[in-house]
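Peer 1: Provided below are the primary sequence and the corresponding predicted coordinates.
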Amino acid sequence: MSKRFNLTLLTILSICVAVIAQPDRWQQHVDYKMSIDFDVNNHRFTGDQTLKYTNNSPDTLHKVFYHLYFNAFQPGSMMDERSRTISDPDRRVGSRIAALNPDEIGYHKIDALTKDGKTVSYEVVGTILEVELDDPILPGQTSEFKMKFNSQVPVQIRRSGRDNNEGIDYSMAQWYPKLAEYDYQGWHANPYIGREFYGVWGDFDVKINIDQSYIIGGTGVLQNANEIGYGYTKDKGMSPNAKPVNGKLEWHFVGENIHDFMWAADPDYTHTKAMTRSGTELHFYYQENERTKDNWEKLPGAMAIALDYMNENFGKYPYPVYSFVQGGDGGMEYPMATLITGERSFGSLVGVSIHEWMHSWYHMILGTNESLYAWMDEGYTSFASARTMNHLREMKVLNGNPVENPHANTLSGLMRFNSTGMEEPLSIHSDHFNTNRAYGVAAYTKGHVFLKQLEGIMGERTFKRALLRYFDTWKFKHPNPNDFIRVMEKESGLELDWYKEYMVYTTKTADYAVDTVYQNNGKTVVDLQRVGEMPLPIDVTIVKNDDSEVIYNIPLRIMRGDKSDHTSAQIKVAEDWPWVYRDYKLELDIPISEIKSVHIDKNFSFADFDRDNNNYKL
């Protein structure tokens, strides 16, 4: 065998091995072991962190970066500057950071840092710790970082902090030095200005030493419930097994395959539990008073019914527990837990609980880069929450009747915002929108509409299958927009890249109109117009004089197919509409004398900018 043939064979084998060994994107891995000692009198704590970091990338890493989120709560920080200078500041923040006193600010101070037993050089730059590595981390290598740090908890301003408006002592989110994510796009060491998050999946082993009067709830599974005892059950009895040291108890939590860790603590928490049919254990932590008691006692039953629906329609929740914890400044999602303000009406309490829990599917399990693609988390979560809330109304858990289209208000909201001229593309990083309002509409509203319109394009049954396939295909893999749309294409058999391009990279709007209806050579003709710049396949509903309906589905030619899973025998597929043409003539086999009216998108599946021109009465 010649040397040249040998080299060729080796090259072919290398390519084949690479393809077989890496069918999906690689993921970095972290293994945190943390122990903190908390001083409730001064709102400070010291911490020891051991982090094993596995570099599964093909790249050699000469630096690593940590997030130091508490540093944002200092006068003059980037978050402070951004909050004071943006045209529509978050009312929870505004100029509050600038007014903090030294004992009210937040901080993380690094006392020592080693890699594999050797001291490394580092620099704190705002909310980012930049670490130089003399010995780089090679592909496939695991390195161990050991850190000692001390921190001060800021007063409650945004998400994390002490003494929130409802009297919860500690809402401990973004509370530890957290390794930044490195993926196929490189490092994501974005300064924290109060928006979204992105993290590395791994295992967390966390021990919290705190005054024995406190009750803790949050991420993970408590390992030593029998030893803790005090306050952990509703009777607030001290366990005979509890052994406080210097007036403190150690709470030990473990969470596996997660990318963050949150906890909250208060001496007045009531803690209750409920087991669901699927085996997930639900925990509830709240301050019991006249504003919370009745609603929080009803909440477990509502969440158990909701979980059955969410598991069936969006994928199986994989973790053993989930905790609903009163705290924070509204509602915020974390792995295996949420922080929510609790003094709400029952409908509001259920609504915020469903929304934050639904983030477990699209942020905690799928793990999309929420900073870069906030709409793939917030928007998809809002879509799923709307459906789940509608189901709870159908099940009589909530007052009010279920509606035929729980997405109608969101579609209308996007249409109204389109007219302001403030809309910005979904492709903008969440930190860089010009206004909070534009960010909110992009992330929550347009992301929600993205799914609803796609359902209208693909058909309900195909869309439901595709959404479950997306979850099963990409869970724990950080999918991006193209990954999502490819799953939709595979399940539907359609080409959908055009839809992604219009929705993500432009602010072009859809607007279709019925121009006129007339008779020509014995045929009824409906003249349709594409007024807006965004093309969409449309359903045209013909309402006959006897109020029966016939629906014509007009696919776009660039779809290379049509909405094939028609749910009604009265749906007919018309010829494709080439998107470059502004006009389309729909020929009907219905005499014009039998037609009462013609409607585009009668079921309201699309954010059609002007719905007044969608209807034509004869």
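Peer 2: Okay, I see it.
Peer 1: if I've got this straight, Ala302 is in a strand?
Peer 2: No - Ala302: not assigned to a strand; according to DSSP: H, G, I helix; E, B strand; the rest coil it is helix.
Peer 1: So it versus Arg393, what's the distance?
Peer 2: Applying Cβ to Cβ, to the nearest Å, the value for Ala302 to Arg393 is 11 Å. (C-beta placed from N, C-alpha, C; glycine too.)
Peer 1: How about Thr516?
Peer 2: Applying Cβ to Cβ, the value for Thr516 to Arg393 is 41 Å.
Peer 1: Who has more neighbours out of the two?
Peer 2: A count of neighbours by other Cβ atoms under 10 Å puts Arg393 above the other of Thr516 and Arg393, at 16 against 11.
Peer 1: Toward the C-terminus from the helix or strand containing the more buried one, list the very next helix or strand.
Peer 2: According to DSSP states H and E, Arg393 maps onto helix 380-394. Next helix or strand after helix 380-394 toward the C-terminus (DSSP H and E): helix 408-418.
Peer 1: Contacts for that following helix next, please.
Peer 2: Residues outside helix 408-418 that contact it (Cβ atoms under 8 Å, 6 or more residues apart in numbering): 382, 386, 423, 437, 441, 445-446, 448-449, 452, 507, 509, 604, 606-609, 611.
Peer 1: please redo it, this time with the cut-off set to 10 Å
Peer 2: For helix 408-418, contacts defined as Cβ atoms under 10 Å, 6 or more residues apart in numbering pick out 379, 382-383, 386, 403, 405, 423, 437-438, 440-442, 444-450, 452-453, 507-511, 532, 601, 603-611.
Peer 1: so what's the backbone phi/psi at the residue minimising distance to the centre of the chain?
Peer 2: By Cα atoms, centre = their mean, the chain has its centre lying nearest to Asp377, at 2.7 Å. Dihedral angles of Asp377 (phi, psi; degrees, to the nearest 10) stand at phi -100, psi -60.
Peer 1: So, low pLDDT: which residues of the chain?
Peer 2: 1-24, 230-238, 566-569 (pLDDT under 70).
Peer 1: any idea how it splits into domains?
Peer 2: Following automatic domain parsing, the chain resolves into domains at 38-180, 201-377+394-400, 408-505, 512-617.
Peer 1: Ok, which of those comes nearest Arg195?
Peer 2: Each of the domains of the chain has some distance to Arg195 by Cβ to Cβ; the shortest is domain 408-505, at 4.6 Å.
Peer 1: How far off centre is that closest one?
Peer 2: 12 Å (Cα atoms, centre = their mean, to the nearest Å).
Peer 1: elements contacting the helix or strand harbouring Val449?
Peer 2: Using DSSP H and E, Val449 sits within helix 447-458. In terms of contacts (3 or more Cβ pairs under 10 Å, 6 or more residues apart in numbering; DSSP states H and E), helix 447-458 is packed against helix 380-394, helix 408-418, helix 460-474, helix 481-492, helix 497-505, strand 538-544.
Peer 1: in the second one, what's buried?
Peer 2: Judged by neighbour count using 16 or more other Cβ atoms under 10 Å, the buried positions of helix 408-418 are 410-411, 413-415, 417-418.
Peer 1: nearest to Met79, of the residues you listed?
Peer 2: Phe417 (25.5 Å).
Peer 1: how much space is there between that closest one and Phe383?
Peer 2: 17 Å.
Peer 1: and what of Asp608?
Peer 2: Remark: distance between Asp608 and Phe383 (Cβ to Cβ) = 18 Å.
Peer 1: Surely the residue nearest to the centre of the chain is in contact with Phe383?
Peer 2: No - Asp377 is beyond contact range of Phe383, at 11.0 Å (criterion: Cβ atoms under 10 Å).
Peer 1: Any chance you could list residues touching both of these two?
Peer 2: 358, 362, 444, 447.
Peer 1: quick revisit: export the buried residues of helix 408-418 to TSV and tack on distance to Gly126?
Peer 2: Shown next, in TSV, are the buried residues of helix 408-418 (distance: Cβ to Cβ, whole Å):
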residue	distance to Gly126
Thr410	36
Leu411	40
Gly413	35
Leu414	35
Met415	39
Phe417	32
Asn418	36
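Peer 1: So Asp562 sits against Tyr552, correct?
Peer 2: No - contact criterion Cβ under 10 Å: Asp562 and Tyr552 do not qualify, at 11.0 Å.
Peer 1: State whether His62 is indeed within a helix.
Peer 2: No - read with three-state DSSP, His62 is strand and lies in no helix.
Peer 1: Pull the number of nearby residues for it.
Peer 2: The number of residues near His62, taken as other Cβ under 10 Å, comes to 12.
Peer 1: who's in contact with it?
Peer 2: Applying Cβ under 10 Å, 6+ apart, we find His62 in contact with 131-137.
Peer 1: If we use 8 Å, what do you get?
Peer 2: 132-133, 136.
Peer 1: Turn those residues into JSON lines, including distance to Tyr285 and secondary structure.
Peer 2: Formatted as JSON lines, these follow (distance: Cβ to Cβ, whole Å; DSSP: H, G, I helix; E, B strand; the rest coil):
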{"residue": "Glu132", "distance to Tyr285": "41", "secondary structure": "strand"}
{"residue": "Leu133", "distance to Tyr285": "40", "secondary structure": "strand"}
{"residue": "Pro136", "distance to Tyr285": "43", "secondary structure": "strand"}
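Peer 1: so which of these is the most crowded?
Peer 2: Leu133 (19 neighbours).
Peer 1: surely that one meets Asn55?
Peer 2: No - applying Cβ atoms under 8 Å as the test, Leu133 and Asn55 come out as separate, 11.0 Å apart.
Peer 1: Now do the shared contacts for these two.
Peer 2: Contacts common to Leu133 and Asn55, judged by Cβ under 8 Å, 6+ apart, are Leu61.
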